[in-house]
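**Student:** Below are the sequence and a predicted model; questions follow.
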Amino acid sequence: MNYRFLVLCCLLVQVAAALAQKGMPSNPLNVPLGDPYIIYDEKADKYYLYGTGGTPNRFVVYSSADLNDWTNEGVVYESSQPEAWGVKDFWAPEVYFFNNKYYLFYSAHWKDNPHNELENYRIGVAVADSPTGPFKDLTGKPLFDPGYPIIDANVFFADDGKLYLYYSRCCYKHPVSSEIADWAKAKGLFPEIEESWVYGVELSPDFSGVIGEPVLLLRPPLKMNDPQSEWESRSVTSGEINRRWTEGSFLFKQGDTYYMMYSANHFAGENYAVGYATATGPLGPFRKSANNPVLQKNTQNGGVVSGTGHNSLLRGKDGRWWCVYHGRTTTGGDQRFVFIDEMKILPDGTLVVDGPTTGKRRF
């Protein structure tokens, strides 16, 4: 074989490998946000990523043409705007394109706080003409007031045109009797266990409020022998904190089945993890899956990722589903970063997430 030709072939192989590597993202993404949510905007032919953090009491957005390289586009929502009703703790933004407008659903601490509650959270809606904002509050007040603190809004657009809002009641001042609470008290760990529960309610077509009464959809198990109890109670059994969470819900439909993904355990701890439940209608009743959790830490198996949770889903241009979530690494400390891993529905209806993964991969 001609020597020069052989050298040229080797160089071409190296260049091709370098280009392929350049086009591959690294998990976690270099995006330091929690509670991530991605939309694809057809107008701009770009992806936009929102999340908790990146700026105090405001929201920022990142953009990408390919899910690989992300650019910080700056602040999209200002809590200092005259219409703002929230004063701090701006969390869990989700943006929806509807009727040629972009709607931002988010959680914040409500300034109307006559009893000086430590967790006075409600859900708000802001609107913009562009995914990069600026978003302005729709009504200057929370979407609705159920009488208890709520966070983590998620909206589902049903086939019949109805809209549904899902949210989590906070653990704050919500002690619940259960066998795990009795166990924790007997062990001298905690005198009581507070819980957060996921609710669903119909949403008005103009996003100005809700229709009817919220329906309880998901909560932590009451019995210790419940198959879900072990993984959903790890923050309590490890002595970390006196709370059990059911939060960060995300609803989607596959065939005739409604899937609700949710997170359990302390968001700031290593045991934060994701499970799912299924139903035949958007307001349940939901049944938790036997293969929960579907996403959790891998440090016990030699990995470097923990605190995996508060996920959303993105449908790729090729039809594949991507699970978008945050996690922490052993080298990143307490900083949350965005991860993207593939999610699949198996022929028998089982939901699986290929994660957490680290290093290079292609979307």
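**Tutor:** Nice, thanks for sending it over. Numbers count the residues shown, from 1 in each chain.
**Student:** what separates residue 142 from residue 250, distance-wise?
**Tutor:** Computed as CB to CB, to the nearest Å, the residue 142 to residue 250 distance reads 21 Å. Glycine gets a C-beta too; all of them are placed from N, C-alpha and C.
**Student:** and these two? which has more neighbours close in?
**Tutor:** residue 250 (24 against 21; other CB atoms under 10 Å).
**Student:** Need the nearest residue in space to that one, chain neighbours excluded.
**Tutor:** Using CB to CB, 6 or more residues apart in numbering and skipping the chain neighbours, the partner closest in space to residue 250 is residue 261 (4.7 Å).
**Student:** Let me see the contact set for that neighbour.
**Tutor:** 248, 249, 250, 251, 274, 275, 276, 294, 311, 313, 351 (CB atoms under 8 Å, 6 or more residues apart in numbering).
**Student:** Now the strand or helix carrying the fifth one: buried residues?
**Tutor:** Following DSSP states H and E, one finds residue 274 within strand 273-279. Of the residues in strand 273-279, those with enough neighbours to count as buried (16 or more other CB atoms under 10 Å) are 273, 274, 275, 276, 277, 278, 279.
**Student:** any chance of those in CSV, plus pLDDT and distance to residue 43?
**Tutor:** What follows is the buried residues of strand 273-279, written out as CSV (pLDDT from 0 to 100; distance: CB to CB, whole Å):
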residue, pLDDT, distance to residue 43
273, 98, 36
274, 98, 31
275, 98, 35
276, 99, 32
277, 99, 35
278, 98, 34
279, 98, 34
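**Student:** what about residue 185, which SS state?
**Tutor:** Put simply, residue 185 is helix when judged by DSSP: H, G, I helix; E, B strand; the rest coil.
**Student:** Tell me how many other residues crowd it.
**Tutor:** 14.
**Student:** I figured it hits residue 179, correct?
**Tutor:** No - the pair residue 185 and residue 179 fails to qualify as a contact (CB atoms under 8 Å) at a distance of 10.7 Å.
**Student:** Residues that sit against both of those two, list them.
**Tutor:** Counting by CB under 8 Å, 6+ apart, no residue touches both residue 185 and residue 179.
**Student:** got the phi/psi numbers for the residue lying closest to residue 79 once chain neighbours are set aside?
**Tutor:** Nearest residue to residue 79 in three dimensions, chain neighbours excluded: residue 57, at 4.4 Å (CB to CB, 6+ apart). Dihedral pair for residue 57: phi 60, psi 30, per degrees, to the nearest 10.
**Student:** hang on, the earlier thing: so what's the residue nearest to residue 250 bridging to?
**Tutor:** residue 250, residue 276 (DSSP bridges).
**Student:** quick one: it and residue 177, what's the gap?
**Tutor:** Residue 261 is 27 Å from residue 177, by CB to CB.
**Student:** Check which helices and strands the strand holding residue 274 sits against.
**Tutor:** helix 229-232, strand 257-264, strand 287-288, strand 305-315 (3 or more CB pairs under 8 Å, 6 or more residues apart in numbering; DSSP states H and E).
**Student:** tell me which element residue 198 falls in.
**Tutor:** Applying DSSP H and E, one finds residue 198 within strand 197-203.
**Student:** and that strand, which strands flank it?
**Tutor:** strand 163-169 (antiparallel), strand 210-218 (antiparallel).
**Student:** Number of residues surrounding residue 268?
**Tutor:** Other residues close to residue 268 by other CB under 10 Å number 14.
**Student:** ok, now residue 255?
**Tutor:** Per other CB under 10 Å, the neighbour tally for residue 255 reads 8.
**Student:** Quick one: the helices in the chain, in order.
**Tutor:** Assigned by DSSP state H, the helices in the chain fall at 3-22, 179-186, 229-232, 234-237.
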